[in-house]
Structures are given as structure tokens and as C-alpha cells.
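*Asks:* only geometry, no sequence info:
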């Protein structure tokens, strides 16, 4: 992607900035009044350069999804600042945030759970357009069909329910819904992890294509470093709620400083060699 | 339509099976209505034998069953030994009274439970949710009998509501509005008991279904699209959480006739409860069979309605 634009890591104004973000969850043990605090994000500082792909990697439970939902403004951080362009949006009221929501959209990991099971494919895409009053009633269906075509879904799918679509089709549908409001930032929360390799590469191509067409900024959350290596311009590594390493992809992958990054890379390489060995045996 | 036709066929088989089992069990139970007569010195053994022959008590079980089925189709539903009257004439007015009470109580319970459960799910762990959970736990732990007795004590001490029966003695002299008021005040104690008995289960079901749905990614996505919280809650999450609640509603309908027997007996509401209790004690076989069959019919019908509602309400069920 970066190779296509020809400019890698040229200084770009950040679309979104997070400064010292903290998020905790309070849980209570069963049959006890004792509460314990789970720190999901601890003093997280991160920048998402405009029209670039920033990958957020880390093992399960490191706080990636909590950070993503804070950035998507779906939950309030306990403290810290979230800046979108020139505005500090973490201090905004719900009414103020309503105007910002279309600019930040999220594609979830569980494509089956992310789509209203009672709606048809076309209705699912129409929903955000209808909420934001972006199209009149007669236009809604036309816009939905156009978006479906853009993400490679045939018009035949428009009346089908999500449960009758394949995993890949559902993820395309989720992407179509996410871009319906013409967002500036798309947060992809493990959106490709439940797909097989062929579908994954197809969706990846689609994302690259959409980014160049719509000037999108991506925050790609993944634990798959080989996937991250293909698409990301910047990489942030998260461990136990903290960003432990952050920088251009080559720098993070080429000379990892933190033990967690080294472990993740070693694991990705061992997986890759296992896969190659299996392919050779099969051949 | 094919699904519903299949369910109707199943319902027919189920009713037939229940009727056979009901006949078998009542036949296996020791004693009969006429055993009590034998102890009365004023009734001669010949009279008892003649009555037995008249009601066909000595006939073989399969023949009695066939005769009963025939009487169901002719609209008698068997014959009561105690009342010397067709069972249908006894059951229908009582069933109507029971339905009036349980229908009102069930409707009230649902009308309270849905908004309460939705609100508690919207604010999980907050003070109002904890208060609601505490109150429902308390209500769940109190037996229905204790609840009705407490309410009866309250009514007797405060004279806030009349105790016993369905209408006042001078009911026929009252105008339409006053009669309705009289009926409602008589209904208050049994209806409040039934509402309080059913409410905790319904509230907890609504709450848990809603909490599960509110955490679903498609709800987060809808919020991310800028959907207003009230619309997310009522227009989006509630329909998605409705499937288990529709099934529960079917059970509520099914329990309309059988769920209030104890309350009716204690409060003296002239429904099926006191009649069934009396018939069981005196072994008035056909009233027991008739009441069980009407209750089963409601249970099967309630589930059938729930299935039809699910089909109408959820496109996924139609796809299946």
C-alpha cells in the first residue's frame, strides 16, 4: 500500500492522537463483595497518521480491543486525551460526539455478531445511511447496492440474511457498512483473523483498494504479524495494557527493542516455517 | 405454513396422548366417587350399584375412554357425578373466571417486566439494577402461599380490598361501571399475588436477554453509526432479544389456566382451582380429566402461538 503511493513515512499530520489514555474495568469475584480493578490500557500514547495504516499488535488480553473501542468512541476512557484532527474529543458530550461518529467507523472481528441477524444485507448497509440521514428513502437501496458492488458483493446478496452468507461475504458486508458514511478512520479489530488465507488476501486487497479510493486511515488490530507486514506503515506493540514499542514497520520488525515484540516475531516466523514445511510435504 | 401444520398435527397427537394417560392414571388411583356413598347408611348398595351402572363406571377402561371421546365431540366433555351435569357446563364458566384473573395478571406482569428488565439491563451493576435484582430475589424466595396470605391479612386489616369471591352480594343492583369497579377490587388480591409471583422470573429473563444483546458487536456498531440510545435500546436491542422472551410468553399463555389454582383456592376466586380441588377430593373423574385437558390445550396452544410469533417476528426462523 505504502509502495503504491510511493511515499513511505513522510511526515503526515496525525488524524488521531491519544495521550496518556487509561482504561480500567472493575470486576467482582462471584459470591464476594471484593472488587478488583483490571487495567486494560495504561498510559497509552499513540498517533494515527492520516491516510496511513497503523497496526496495533499484541497477544490476547493485552488491551488492543479496549483501546480500539475507546478510539471508536464507543466507551469512555478513565483518563487521558483523545484528539481527532484539532479537537480534543474525549471531553465532548454525547451530542457533540454524534457529529463525529460517522468519521470513525469500526469493523469487528466477529462478522456474524457484528451484523444485525434480523436484517437483510441491503438493510444492514442502509441502516447507517438512514441514521445519519445521508439518503432519502428511495435512494437508500440504490446506495446500498452500489456499496455492495464496491466491496465485491453481488446484488443477489442484497436480500439475504447474514447467516446465509459466508464468512468472507459477511466481512465484505461489514466493510461496506463501515464505508457507507465515508469515514476518515477505519478501525479493523481483528477483522481478518477468522477468515481463511485465500479470503484474507482477497479482503486485504479490497482494503488496499478502498484506502486509495477513499483516502482512508486504518488502525489495523491484529495478532498476525505476517498480515501486518504486508499492509502496515507503522506498528505499535501492546503488552499488558501499555504500548511498549511504536514506530515505522521496518524499524519495529527489523530491530525490535522489546522482548514482547521479539517473541511475537519469533512466533510468526516459526508459524511461517511450519506452514512452508507443511506445504512442501503436501506437494 | 408447513411448519405450523406440522406443529398442529403434533398438538393433536399430544392432546390425545395426554387424554389417554389422564384416563389411565385416574383409573389407577385408589377409590372412586361411589365409595363414599357406600359409607352412607341412607343409600342402599342397590342404589349405588344402579348409579354405577347409569354412569357406566363398571365398564372396561377402553370403552369408557371411547365414550368420553364421543362425549367430547358431542360437547359434553363427560359427566360430573357430584353435580349431575355435563362437565362442559361446569368447566366453561369457571375457566372464563380463571382466564379473567390470570389474563389480567399475566398482562400486567409482562407490562411491568419488560420496561423494568430493559432498564435494569441498560444500567447493569448500578444502584437501580441492584435494587431490582434484590427485590426479584426476595420475591423469588417467598412462596406464593405466603404472599397471598400476607396480602389477605393486609386486606382484612386495612379493608382496602374485599376478601373472597368475585363479586359483592349486591352486585346485580349495581350499574355497569360500579360492577366493573366491584370486579376489579375483588380481583386485586389474587391478581397482585399472581403478578408478584410471576414478575421476578420475567424481569430476570428480560434483563439477561437484553444484557446479552446489548454487548453484541452489532449493537456497538449501531451506536458507532450514531443511533440514539433510546432507539438502540427499544428499536434495535429489544427485538433482537425477543426470541427467548416470545418462548417465555408462550409458556405464560400455557400456564393461564393451571398457574392460579392455589391462589384461587385460597382467595375463594370462583375459577377452575376450587372446582378441581373439590373434584379431586371427591374423585369426580370427568371433571379432573376435563380440567387437565383444558389446561393441556392451553399449554399446547400457548406454545403454538409462540412458534407462530417467532416465525412472524424473526426472519432467521423462516430461513431455517
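*Replies:* Everything's here; your move. Quick caveat, the model's predicted, so the values are computed rather than measured. Residues are numbered from 1 along each chain as shown, chains lettered A, B, ... in the order given.
*Asks:* state the mean pLDDT of the biggest helix by length in chain B.
*Replies:* If you go by DSSP state H, chain B has its longest helix at helix B:176-214. In this model, helix B:176-214 has a mean pLDDT of 94.
*Asks:* helices or strands next to it in the packing?
*Replies:* Applying 3 or more C-beta pairs under 8 Å, 6 or more residues apart in numbering or on different chains; DSSP states H and E, one finds that helix B:176-214 contacts helix B:87-122, helix B:127-141, helix B:144-158, helix B:242-254, helix B:261-267. Yep, even glycine has a C-beta here, placed from its N, CA and C like the rest.
*Asks:* want to try TSV for the ones you listed, with distance to chain A as columns?
*Replies:* What follows is those, written out as TSV (distance: least, C-beta to the nearest C-beta, whole Å):
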stretch	distance to chain A
helix B:87-122	14
helix B:127-141	11
helix B:144-158	26
helix B:242-254	9
helix B:261-267	33
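*Asks:* now the ones you listed in CSV, with mean neighbour count and mean pLDDT?
*Replies:* What follows is those, written out as CSV (neighbours: other C-beta atoms under 10 Å in any protein chain shown; pLDDT from 0 to 100):
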stretch, mean neighbour count, mean pLDDT
helix B:87-122, 20, 94
helix B:127-141, 14, 95
helix B:144-158, 15, 94
helix B:242-254, 19, 91
helix B:261-267, 22, 91
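*Asks:* distance to residue A:145 added to the ones you listed, as a markdown table?
*Replies:* Shown next, in a markdown table, are the helices and strands packed on helix B:176-214 (distance: least, C-beta to C-beta, whole Å):
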| stretch | distance to residue A:145 |
| --- | --- |
| helix B:87-122 | 35 |
| helix B:127-141 | 43 |
| helix B:144-158 | 57 |
| helix B:242-254 | 29 |
| helix B:261-267 | 58 |
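*Asks:* helices and strands around the helix or strand harbouring residue B:318, which ones?
*Replies:* Using DSSP states H and E, residue B:318 falls within helix B:315-319. Judged by 3+ C-beta pairs under 8 Å, 6+ apart, helix B:315-319 is in contact with helix B:285-313.
*Asks:* now the angle from the helix it packs on to helix B:87-122?
*Replies:* 40 degrees (axes from the mean of the first three to the mean of the last three C-alpha atoms, to 10 degrees).
*Asks:* what's helix B:285-313 packed up against?
*Replies:* Where contact means 3+ C-beta pairs under 8 Å, 6+ apart, helix B:285-313 is packed against helix B:2-28, strand B:79-80, helix B:87-122, helix B:242-254, helix B:272-282, helix B:315-319.
*Asks:* please tabulate these in JSON lines, including the columns distance to residue A:256.
*Replies:* As requested, those are exported to JSON lines (distance: least, C-beta to C-beta, whole Å):
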{"stretch": "helix B:2-28", "distance to residue A:256": "59"}
{"stretch": "strand B:79-80", "distance to residue A:256": "88"}
{"stretch": "helix B:87-122", "distance to residue A:256": "44"}
{"stretch": "helix B:242-254", "distance to residue A:256": "49"}
{"stretch": "helix B:272-282", "distance to residue A:256": "76"}
{"stretch": "helix B:315-319", "distance to residue A:256": "46"}
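*Asks:* picking up where we left off before, just how off-centre is the helix holding residue B:318 within its chain?
*Replies:* Distance, stretch centre to chain centre, for helix B:315-319: 29 Å (C-alpha atoms, centre = their mean, to the nearest Å).
*Asks:* again with stretch B:30-42
*Replies:* 33 Å.
*Asks:* what's next to it, contact-wise?
*Replies:* With C-beta atoms under 8 Å, 6 or more residues apart in numbering or on different chains as the test, stretch B:30-42 has contacts from B:43, B:45, B:47-48, B:51-52, B:57, B:81-82, B:282-285.
*Asks:* filter those residues down to the buried ones.
*Replies:* Neighbour counting over the contacts of stretch B:30-42 (16 or more other C-beta atoms under 10 Å in any protein chain shown) leaves B:48, B:52, B:57, B:81, B:282, B:283, B:284, B:285 as the buried ones.
*Asks:* re the thing from before, what's the closest of the helices and strands packed on helix B:176-214 to residue A:30?
*Replies:* Smallest distance to residue A:30 across the helices and strands packed on helix B:176-214 (C-beta to C-beta): 14.2 Å, for helix B:127-141.
*Asks:* what packs against that closest one?
*Replies:* Packed against helix B:127-141 by the contact rule (3+ C-beta pairs under 8 Å, 6+ apart) you find helix B:87-122, helix B:176-214.
*Asks:* buried stuff in stretch A:186-195?
*Replies:* Across stretch A:186-195, burial judged by 16+ other C-beta under 10 Å covers A:186, A:187, A:188, A:189, A:190, A:191, A:192, A:194, A:195.
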